[in-house]
Structures are given as C-alpha cells and as structure tokens.
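K.L.:
next come a sequence and a model predicted from it.
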Amino acid sequence: MPVDMSSEPNEGPQASALRIGEPRGGEGSSFAVQFLVRATEFCTVDVERDALRMIERAPMRTVRAADLVGVYAHPGPELSVLERRGVVRRLAHGTYCAVPREHVGTAWRPSLEAATAAIATALYGDRIPVLTGLTAARMHRTLPRAIGTGYVAVPTQRRPQRFADRDGGVRFAMRDVTALDAVLVQTDLGPTLVTTPEQTVLDLARSDPRAEDLEAQDAITTLCPECNVAVLEVIAGRQRMRATLGRVMASQ
C-alpha cells in the first residue's frame with residue numbers, strides 16, 4: 001500500500017536539519033540571550049578592572065576622565081558609576097582618585113593637601129607641581145588649623161578649581177617649579193613635592209609684606225626655628241628675596 005505523505009509538510013532537507021538541531025520550546029533563543037548577557041557582564045568586569053588598575057597605578061592614584069579614553073568610549077559616565085560603587089572619588093571636575101581598598105564603600109576622602117597635589121599632578125605630571133604657602137605649612141605640621149584652600153606651584157598659569165567632595169578649592173601659582181627648594185613628602189594618595197621650611201617661610205613672608213595675615217604669620221613663627229639660616233640666605237639670594245629675608249629676621 002502506498003504511504004500517504006500528505007500529513008507531513010514537504011520542508012526539504014535544509015528545513016529538516018534546522019528542525020532536528022533546534023531545542024524545543026524556544027530554548028535556543030533563551031540560551032543565546034543568557035549567553036550574551038553573561039558575556040557582556042564578563043566584558044564589563046574586565047573593562048572596570050582595567051580602568052581601576054590604571055587609576056591605582058597613576059601618579060597619586062589620580063587621573064582625569066580624558067586619560068581613560070583608551071578604556072572607555074565615554075569615561076565620564078563610567079567613572080560616575082565607579083564613584084557610586086565607592087571605588088573611586090571625584091576630587092574636582094573631571095578628576096578622580098582611586099579609593100584605598102580598605103576604605104571602599106566608606107565615606108573616606110583624602111586630606112585637602114593630598115587632594116590638591118593629586119589634582120595638580122593629574123594636570124601636569126608626576127613630581128612637577130609643588131605644594132606651597134599655607135598648604136606646605138600644613139604638610140610641615142606647623143599650621144594646626146584646617147584651611148579650605150590648597151596652594152600649589154605649577155609651570156603655567158591656570159584658573160582655580162573647586163573641590164568636588166568638599167568646600168574650597170585649589171589655587172595655582174605659576175612659578176619656575178625647578179627653582180623651588182622642595183622635598184618629597186608622603187600623603188594618603190602618594191608622595192608629592194612640598195617646599196622646604198626655608199622656602200615656605202620666604203614664600204609666606206613675601207606674600208604678606210605687611211604681616212597682616214595671621215595664619216601666615218603664625219606659620220612663619222612656628223617654622224622659623226626649623227630653618228637653617230644659611231639655607232634661607234641661599235634661597236633669598238637665588239630668588240631675589242633678600243628684602244623678604246630681612247623682614248623675617250627682624251621679626252623673629
């Protein structure tokens with residue numbers, strides 16, 4: 001008896017092969033979606049890990065958003081995500097530092113002096129900016145009161161920047177940073193250059209010729225016993241601050 005094939009649609013060998021290899025109930029589509037989601041998650045984790053590694057290895061653990069264009073197509077929004085997760089902190093507009101791992105997820109923030117140095121370092125490079133004035137006095141522990149402004153010497157003129165995580169901001173002073181007498185001091189974000197006690201005293205005195213700034217005068221009075229007179233004279237002669245040195249010596 002001939003077999004009746006009318007109940008089976010004539011799909012051809014290609015359709016039969018597709019039908020045989022396809023899981024039932026649309027499971028293939030679901031599996032594909034899940035695979036893509038997982039692959040995307042792994043890719044995102046890898047990219048975030050690369051970004052965090054780059055930030056942690058940067059000088060003073062700080063970068064500008066523009067420094068991550070090789071990792072992210074749009075660094076700004078991605079850094080905002082990392083900030084919400086507590087692994088980075090925004091110091092100023094477009095500038096982020098890595099949060100120490102033991103402080104991830106907490107309200108940790110770097111000291112004002114470290115933040116000032118980090119912002120300037122992200123702009124100019126490692127060990128180029130020099131903390132000066134009252135900020136240097138704070139680094140030398142001769143100004144107990146907290147201040148809201150960070151002072152840093154840099155090679156070019158630059159407008160002040162506001163802090164993103166606190167009141168106050170950074171004031172940049174254009175100076176020949178290579179001529180400044182400076183030492184390397186550790187901060188909670190890494191080492192940075194700071195003017196020596198002698199350079200700091202002369203800078204503060206020159207910026208306050210009438211001795212009207214009480215904080216500057218307190219810092220000068222506290223720092224002077226730590227200063228080497230011979231070093232003061234060398235710096236004053238090299239930087240044309242002999243009159244300033246005369247005022248300092250007369251006031252002590």
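P.N.:
Thanks, I have it. These figures come from a predicted structure and were not determined experimentally. Numbers count the residues shown, from 1 in each chain.
K.L.:
so Val234, which of the three states?
P.N.:
Taking DSSP: H, G, I helix; E, B strand; the rest coil as the rule, one finds Val234 in the helix state.
K.L.:
now it: how far from Gly105?
P.N.:
49 Å (CB to CB, to the nearest Å). For the C-beta atoms, the positions are set from N, CA and C on the backbone; glycine is no exception.
K.L.:
and what of Leu82?
P.N.:
For Leu82, the distance to Gly105 (CB to CB) stands at 12 Å.
K.L.:
out of these two, which sits in the more crowded spot?
P.N.:
Between Leu82 and Gly105, counted using other CB atoms under 10 Å, the more crowded position is Leu82 (19 against 9).
K.L.:
the more buried one contacts Glu48, correct?
P.N.:
Yes: counting by CB atoms under 8 Å, Leu82 touches Glu48, with 6.9 Å between them.
K.L.:
mind listing what's buried along the helix or strand harbouring Ala230?
P.N.:
Using DSSP states H and E, Ala230 sits in helix 229-238. By neighbour count with 16 or more other CB atoms under 10 Å, helix 229-238 contains the buried residues Leu232, Ile235, Ala236.
K.L.:
again, but for stretch 191-202
P.N.:
For stretch 191-202, a neighbour-count test (16+ other CB under 10 Å) marks Thr192, Leu193, Val194, Thr195, Thr196, Pro197, Glu198, Gln199, Thr200, Val201, Leu202 as buried.
K.L.:
endpoints of that stretch, how far apart?
P.N.:
Stretch 191-202 has its terminal residues 23 Å apart, counting by CA to CA, to the nearest Å.
K.L.:
since we're on Gly190, how many residues are nearby?
P.N.:
Number of residues near Gly190 (other CB under 10 Å) recorded here: 18.
K.L.:
just give the nearest non-adjacent residue to it, would you?
P.N.:
Met60 (4.4 Å; CB to CB, 6 or more residues apart in numbering).
K.L.:
can you show me the strands along the stretch 151-252 of the chain?
P.N.:
For the stretch 151-252 of the chain, the strands defined by DSSP state E, counting those that start in this stretch cover 161-162, 169-174, 182-187, 190-195.
K.L.:
mind giving me the packing neighbours of the last one?
P.N.:
In other words, strand 190-195. Strand 190-195 sits against helix 112-124, strand 130-131, helix 133-139, strand 182-187, with contacts defined as 3 or more CB pairs under 8 Å, 6 or more residues apart in numbering; DSSP states H and E.
K.L.:
one more time with 7 Å, if that's ok
P.N.:
Applying 3 or more CB pairs under 7 Å, 6 or more residues apart in numbering; DSSP states H and E, we find strand 190-195 packed against strand 130-131, helix 133-139, strand 182-187.
K.L.:
now do the contacts for Leu189.
P.N.:
Shown in contact with Leu189 (CB atoms under 7 Å, 6 or more residues apart in numbering): Met60, Arg61, Thr62, Cys97, Pro110, Ala114, Ala118.
K.L.:
let's see it at 8 Å
P.N.:
With contacts defined as CB atoms under 8 Å, 6 or more residues apart in numbering, the neighbours of Leu189 are Met60, Arg61, Thr62, Cys97, Pro110, Ala114, Ala115, Ala117, Ala118.
K.L.:
swap in Pro160?
P.N.:
Contacts of Pro160 (CB under 8 Å, 6+ apart): Gly169, Val170, Arg171, Phe172.
K.L.:
all set, thanks.
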